[in-house]
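Visitor: how does the following fold in three dimensions:
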Amino acid sequence: MTTETLPALETGWEPDTPTDDTLVRRGVLAMTATWESLGQVAGGRLHRDDRFSAVDLGRPAGLFNSATQLQPARDDTFGTTVGRIERFYDGHGTGATLLWSPWPTPDLTGRGWRLQGHPPLLYRPAGLPVERRRPGHLTVAEVTTKSELAEWCTVAVDAFPLTDVDAPSTLFDPAILADERYRFIIGRVGRRAVAVGCQALIDGTNVLLLSTVRPDARGRGYYGALVSDRLARAPDLPSVTIVSDDSRPVLVGRFDFLPVTRFTLWERPRS
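Guide: So this is what the prediction gives:
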């Protein structure tokens, strides 16, 4: 009796699968490449293999000590993958670590992880028109100096808010201002910075990052103004972002972003 060997079937997540195989894959790889490049500019440690990517700044740095799962969770391999992620971080510096999975995961609470939620990944096709409506009293300017970057960082940490950050004004290394892939903007009312946003042009994708408005300035159109500014800077590229459910209605309803999937986000203190 002959047993026929069937060819391996494409899962959509092999290392050689094209980036644009699915919208989920494009978004996940663009976000992963962004975390990696931010970590590299800041002098952090990086790891990447077929199953996960991890960035570590070695200090409390909010979102920037993050690992991203690159293969769907399987019962027979997921525990091994998580163990490798834990070993990458444990014993190397301080600060909590995050695990982003584009898929549902097994329960990790028994390993010391805390579930942080299921933030949506949004995608916007290239070439769509951009509405440039801006409140008349709001000015939007690009960050060009170290002092402006320090101000940007302070607003981002306070307004987001980003927890587990040891030095808010130094969240980003000033070296990033020389990296043409990145752009930071501040929205001001008078002299007061009320909103900030960042974008990364990486792997043919416009990645929107860390868009936030001070709590006492929300509901006045500032968030949308910073979104439209960044979309208008790269109209010929598709855009992706991971946001909260509070921000999602603006991006979907006003700027035609498509909800693609929800990440599963875990946080764990180092041991």
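
Visitor: and the contacts of the helix of greatest length in the chain?
Guide: What stands out as the longest helix in the chain, according to DSSP state H, is helix 23-41. Residues outside helix 23-41 that contact it (C-beta atoms under 8 Å, 6 or more residues apart in numbering): 12-13, 17, 19-20, 45-46, 48, 53, 55-57, 64, 66, 68, 70, 100, 102, 121, 123, 172-173, 175-176, 179, 181, 200, 202-203, 205, 207, 209, 238, 240, 242, 258, 260-261. C-beta coordinates here come from the backbone N, C-alpha and C atoms, glycine included.

Visitor: from these, which ones fall inside helices?
Guide: Among those, no member falls in helices (DSSP H).

Visitor: list buried residues within the residues you listed.
Guide: Among the contacts of helix 23-41, the ones that count as buried by 16 or more other C-beta atoms under 10 Å are 13, 45, 53, 55-57, 64, 66, 68, 70, 100, 102, 121, 123, 172-173, 176, 181, 200, 202-203, 205, 207, 209, 238, 240, 242, 260-261.

Visitor: then stretch 82-89 to CSV, C-alphas only?
Guide: In CSV, the C-alpha atoms belonging to stretch 82-89 read as follows (Å, rounded to 0.1, in the frame of the first residue of the first chain):
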residue,chain,number,x,y,z
VAL,A,82,6.3,32.3,24.5
GLY,A,83,9.1,30.7,26.6
ARG,A,84,11.6,32.0,24.1
ILE,A,85,10.1,35.5,24.2
GLU,A,86,10.3,35.4,28.0
ARG,A,87,13.9,34.3,28.0
PHE,A,88,14.7,37.1,25.5
TYR,A,89,13.6,39.7,28.0
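
Visitor: quick one: contacts of it?
Guide: Identification of contacts with stretch 82-89 by C-beta under 8 Å, 6+ apart yields 45, 47, 51-52, 54, 56, 65, 67, 97, 99, 108, 111, 268, 270-271.

Visitor: list the buried residues for that stretch?
Guide: Here stretch 82-89 shows 82, 85-86, 88-89 as buried, counting by 16+ other C-beta under 10 Å.

Visitor: average pLDDT for that stretch?
Guide: The average pLDDT within stretch 82-89 is 97.

Visitor: and that stretch, how far out from the chain middle?
Guide: Taking C-alpha atoms, centre = their mean, to the nearest Å, one finds the center of stretch 82-89 at 20 Å from the center of the full chain.

Visitor: next one: stretch 214-232
Guide: Relative to its chain's centre, stretch 214-232 lies at 18 Å (C-alpha atoms, centre = their mean).

Visitor: in it, what counts as buried?
Guide: The neighbour-count check on stretch 214-232 (16+ other C-beta under 10 Å) flags 214, 217, 221-231 as buried.

Visitor: can you show me the CA trace of it as PDB?
Guide: Coordinates of each C-alpha in stretch 214-232 appear next as PDB, following Å, rounded to 0.1, in the frame of the first residue of the first chain:
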ATOM      1  CA  ARG A 214      -4.600  65.600  25.900                       C
ATOM      2  CA  PRO A 215      -7.800  64.600  27.800                       C
ATOM      3  CA  ASP A 216      -9.000  68.100  28.400                       C
ATOM      4  CA  ALA A 217      -8.600  69.000  24.600                       C
ATOM      5  CA  ARG A 218     -10.500  66.000  23.100                       C
ATOM      6  CA  GLY A 219     -13.600  66.200  21.100                       C
ATOM      7  CA  ARG A 220     -12.500  69.300  19.200                       C
ATOM      8  CA  GLY A 221     -11.200  67.800  15.900                       C
ATOM      9  CA  TYR A 222      -7.500  67.800  16.900                       C
ATOM     10  CA  TYR A 223      -7.100  64.000  16.500                       C
ATOM     11  CA  GLY A 224      -8.500  64.100  13.000                       C
ATOM     12  CA  ALA A 225      -6.400  67.000  12.000                       C
ATOM     13  CA  LEU A 226      -3.200  65.200  12.800                       C
ATOM     14  CA  VAL A 227      -4.500  62.100  11.000                       C
ATOM     15  CA  SER A 228      -5.200  64.000   7.800                       C
ATOM     16  CA  ASP A 229      -1.900  65.700   8.000                       C
ATOM     17  CA  ARG A 230       0.000  62.400   8.000                       C
ATOM     18  CA  LEU A 231      -2.200  60.800   5.300                       C
ATOM     19  CA  ALA A 232      -1.600  63.800   3.000                       C
END
